[in-house]
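>>> Could you work out the structure for the sequence below:
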Amino acid sequence: MAAAVEVMQGFALGFAHRRPRQVWHRLNWIVDQARLFDETAGGALHDFLRWAELQSEGDGRTPSLGPPEADDDAVRVMTVHGAKGLEFPVVVLAGLERDDSAQRTDAVLWGEGGGAPEASFGWQLRSGGYETAAGVEKELDRLERVRLLYVAMTRARDHLVVGVHHKVRNGTPDNSQAAALEELCRAHPLLWRRLPDIDVEPALVGARVAASTNGHNGAHAPAAEEEALAARRWATELWEWTDRRAETIQRERALPVVTASGLSHDAAGDTGGPEGDGEKALGGGWQPLDGGRRSGEVGLDIGRAVHGTLAVVDLRTGLDARGVDAEAVARQRAASHGVADHADAVVRMVGAALSSPTVRRAADRRHHREAYLAMPLGSEDDPAVFEGFADLLVEDDDGLVIVDYKTDRIADDAALEALCERYGLQMASYAEAAEAATGRPVARAVLLFLSGVEPAERVLEGDALDRARDMARETTASLVSSF
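Residues are numbered from 1 along each chain as shown. Predicted coordinates for the structure are as follows:
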């Protein structure tokens, strides 16, 4: 699992998210879970995936993601219960101003030692032992709140900030925890200090705090000035580092991306519409049966259903991990993508793929479904990245074989050749990325058209593949230079 995360550059791809740290945290967690699985239950990769699927379906109790990264520059809002077992450099404890005397007591309480229940139906109708039981209950609640307050305050490793605002009536403070803490602070003045009002720019806050602290301790003015200068230097260094960090994250997040399907659209002069199979069938589109959707949308969802089925069923047995046959999976996928009326077509195309010579050969060799492929583009000064998913990557005897399923409806041979030309750049770019990622040669790329009576295979190899790869490099360079 760790190797897979590294090969797929999961941590680098985290920069595409607003909070890269969160992505990294989850990746580290899944690697830790895989290590734990290996050390306990053990098994092959499919055993771990089945276990993970059970966790996602709620059949098992999944532990939390654990404590955040110690140097994560972020604020977490948590309950006291949620923070149990965790520590943070700085903790701000808020919400202590609630008056505990206003707490309501349950209408039914159990007597001491588990005796008969005591009940109250209002202040005029109560059982004889209810007042005593209510007093015991309130004291237990108070002790529980004190315990939770202790848990909350001990989450701080370096600094604890406590809000002690509370109400005072006729000179008497209320019964809130904030009032109790303020009384405790007044009794021990050396254990705390009041935070200054933040009414100046951040770079001067440290200087102000340092100067006021030294003055309180009776330090000489030169020492206070030195502390102020040191605080200014530290603040300046902190903000410069923050600016550099933000610039780096923005640069990595904005890294231009070239996709394989984007190359196909660019080659065909198609700049609109979503990418994917069926989006623009040159020889005739899928017609919506419900009259409420466009042909392109229906074709796109049919393609998704076919690809989704072939990504989960075993190429040899036609069964998924749960033992469900390919036809049932295909119908489920068609329904989930809103094309249940075209379920028969989805089933037929899935069957065509599984019965094709290329896929039958792949079933007896090591292969990878939905293989993520990526490679760096551009220069060091103007970097970019290519990425895409190959439907099937096969490790054959003479090298790698890339297979891509196509669900476009084809009217005639001319339309088929037009599609082959259009998708040639896509397959060539997959070949470039596969060789760059694995260091192994690509023997051929196969376009597998599934919408006909029989599956139609078009193989790109030898000089034809080399020419297509040259054209893909030129097109990619042109796209990168236009960013």
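>>> Buried ones in stretch 22-39, by neighbour count?
Gln22, Val23, Trp24, His25, Leu27, Asn28, Ile30, Val31, Gln33, Ala34, Phe37 (16 or more other CB atoms under 10 Å). Bear in mind the C-beta positions are built from the backbone N, C-alpha and C, glycine included.
>>> Mind putting those residues into TSV with pLDDT?
Shown next, in TSV, are these (pLDDT from 0 to 100):
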residue	pLDDT
Gln22	82
Val23	85
Trp24	84
His25	82
Leu27	88
Asn28	85
Ile30	85
Val31	86
Gln33	84
Ala34	85
Phe37	81
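>>> which one of those sits closest to Asp396?
Ala34 (29.1 Å; CB to CB).
>>> My guess is that closest one contacts Ala4. True?
No - counting by CB atoms under 8 Å, Ala34 sits too far from Ala4 to count as a contact (9.2 Å).
>>> average model confidence for the helix or strand harbouring Ala235?
Following DSSP states H and E, one finds Ala235 within helix 221-253. Averaging pLDDT along helix 221-253 yields 77.
>>> Give me the helices and strands touching it, please.
Contacts defined by 3 or more CB pairs under 8 Å, 6 or more residues apart in numbering; DSSP states H and E place helix 221-253 against helix 202-216.
>>> What's the mean pLDDT across the helix it packs on?
On average, helix 202-216 scores 47.
>>> cool, and stretch 348-368?
The model assigns stretch 348-368 a mean pLDDT of 95.
>>> same deal with stretch 300-317?
In the prediction, stretch 300-317 has an average pLDDT of 92.
>>> Just the buried residues of that stretch, please?
Residues of stretch 300-317 classed as buried: 300-310, 312-313, 315 (neighbour count, 16+ other CB under 10 Å).
>>> what does it contact?
274, 276-279, 286, 319-321, 326, 329-330, 333-334, 336-339, 342, 345-346, 349-350, 353-354, 359-360, 362-364, 367, 369-370, 391-392, 405, 407, 450 (CB atoms under 8 Å, 6 or more residues apart in numbering).
>>> Pull out the buried members of these.
276-279, 286, 320, 326, 329-330, 333-334, 337-339, 342, 345-346, 349-350, 353-354, 359, 362, 367, 369, 391-392, 405, 407, 450.
>>> Tell me which of those residues fall in helices.
Counting by DSSP state H, the part of the buried ones among the contacts of stretch 300-317 found in helices is 326, 329-330, 333-334, 345-346, 349-350, 353-354, 359, 362.
>>> Make TSV from those residues and add distance to Asp398 to it.
Shown next, in TSV, are these (distance: CB to CB, whole Å):
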residue	distance to Asp398
Ala326	29
Val329	32
Ala330	32
Arg333	33
Ala334	36
Ala345	34
Val346	33
Met349	28
Val350	28
Ala353	22
Leu354	23
Val359	18
Ala362	14
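>>> tell me which of the residues you listed is nearest to Glu183?
Out of these, the member with the shortest distance to Glu183 (by CB to CB) is Arg333, at 65.3 Å.
>>> Could you report the separation of that closest one from Arg458?
25 Å (CB to CB, to the nearest Å).
>>> For Gln33, give me its contacts.
Ala52.
>>> Could you double-check that Pro20 sits in contact with Ile249?
Yes - when contacts are counted by CB under 8 Å, Pro20 is listed as touching Ile249 (6.7 Å).
>>> Let me know the pLDDT of Gly66.
So Gly66 comes in at 62 (pLDDT).
>>> Contacts only, for Val75.
So Val75 contacts nothing (CB under 8 Å, 6+ apart).
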